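Colleague: Predicted model and sequence follow; I will ask about them next.
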Amino acid sequence: MKQIDMKELLRYNGKDSNPVYVAYRGRIFDVTQSPVWKGGVHMGRHDAGADLTDEIEVAPHGPDFLERYPEVGMLKEGPVAKEDKPAILSGLLTRYPMLKRHPHPMTVHFPIVFMFSATVFTLIYLATRIAAFETTALNCLGAGLVFIPVAIVTGYFTWYLNYMARPVRAVTMKKWLSLVLLCVDLVVFVWRMAVPDILHPLRGEGFCYLILVLSLLPLVVIIGSYGANLTFPVKKE
């Protein structure tokens with residue numbers, strides 16, 4: 001296969017009708033036909049005609065997409081990234097590649113739904129005074145205590161696999177806010193179990209309890225927005 005050095009690779013940057021090449025782990029791919037590489041720039045931040053091994057390693061989509069495009073050469077110069085995962089884990093990911101990216105997206109929606117529902121059903125109860133809505137809110141709080149830790153663990157796993165546990169602001173914010181979310185959920189659940197009629201009548205400690213329940217909604221929205229920005233970063237004009 002053709003050997004291409006960094007100087008030559010730089011010419012394949014998608015500018016002036018040149019092809020769009022990117023290098024990954026010493027392999028060079030022609031992504032000219034990719035709709036997300038129009039003009040030689042991906043997501044407004046990654047330029048073609050370069051070794052993008054580090055960027056692809058931390059990208060939310062992973063390197064698999066490159067296999068859709070023709071491999072046109074090997075990088076003549078530059079270090080090849082080392083595989084630093086434990087052998088057992090690498091073998092497991094090879095056999096079950098969905099484990100690399102799917103566990104967190106599969107589980108993170110549960111705490112979002114339960115925290116959102118706990119807030120909404122609490123407000124419906126206050127408006128209607130139908131006890132079944134308040135009981136449903138309590139059940140959602142309990143379910144959140146089950147699924148928030150699951151989402152945190154899968155999030156850490158995804159962060160390790162796809163970002164090599166490197167500091168990423170969005171991940172850092174998600175970690176701390178998720179712990180806050182878990183603490184608030186635990187407090188209101190225990191509080192409600194200890195004082196079943198805490199919202200009736202609504203005054204004093206009932207208001208404090210309600211504020212904590214209402215805080216669950218903005219917390220999951222903020223955490224979700226950081227996660228969405230990792231997957232679909234907003235392009236700044």
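Modeller: Received, thanks.
Colleague: Surely residue 99 is in contact with residue 93?
Modeller: Yes - with contact defined as C-beta atoms under 8 Å, residue 99 and residue 93 form a contacting pair (5.8 Å). (C-beta placed from N, C-alpha, C; glycine too.)
Colleague: residues contacting residue 142?
Modeller: residue 189 (C-beta atoms under 8 Å, 6 or more residues apart in numbering).
Colleague: The helix or strand where it lies: how far from the chain's middle?
Modeller: Element membership of residue 142, judged by DSSP states H and E, is helix 131-163. Relative to its chain's centre, helix 131-163 lies at 15 Å (C-alpha atoms, centre = their mean, to the nearest Å).
Colleague: now stretch 12-24
Modeller: Centroid separation between stretch 12-24 and its chain, computed with C-alpha atoms, centre = their mean, is 29 Å.
Colleague: end to end, how far does that stretch reach?
Modeller: End-to-end distance of stretch 12-24: 14 Å, with C-alpha to C-alpha, to the nearest Å as the criterion.
Colleague: Surely residue 93 is in contact with residue 160?
Modeller: No - using C-beta under 8 Å as the test, residue 93 is too far from residue 160 to be in contact (11.6 Å).
Colleague: quick one: secondary structure of the residue lying farthest from the centre of the chain?
Modeller: Using C-alpha atoms, centre = their mean, the residue of the chain lying farthest from its centre is residue 201. It sits 40.6 Å away. In three-state terms, and counting by DSSP: H, G, I helix; E, B strand; the rest coil, residue 201 is coil.
Colleague: quick one: average pLDDT of the helix holding residue 142?
Modeller: Per-residue pLDDT values over helix 131-163 give a mean of 90.
Colleague: Quick check: buried residues in it?
Modeller: Buried residues in helix 131-163, counted by 16 or more other C-beta atoms under 10 Å: 133-134, 136-138, 140-141, 143-144, 147-148, 150-152, 154-155, 158-159, 161-163.
Colleague: So in the protein, where's the weakest helix or strand by average pLDDT?
Modeller: Least confident helix or strand of the chain, by mean pLDDT, DSSP states H and E, is helix 53-57 with a mean of 74.
Colleague: on contacts alone, who are the packing partners of whichever helix or strand comes after that helix?
Modeller: Going down the chain from helix 53-57, the next helix or strand is strand 71-75, by DSSP H and E. Packing partners of strand 71-75 (3 or more C-beta pairs under 8 Å, 6 or more residues apart in numbering; DSSP states H and E): strand 3-4, strand 27-30.
Colleague: Quickly compare these and say which is most buried.
Modeller: The highest mean neighbour count among the helices and strands packed on strand 71-75, using mean count of other C-beta atoms under 10 Å, belongs to strand 27-30: a mean of 20.
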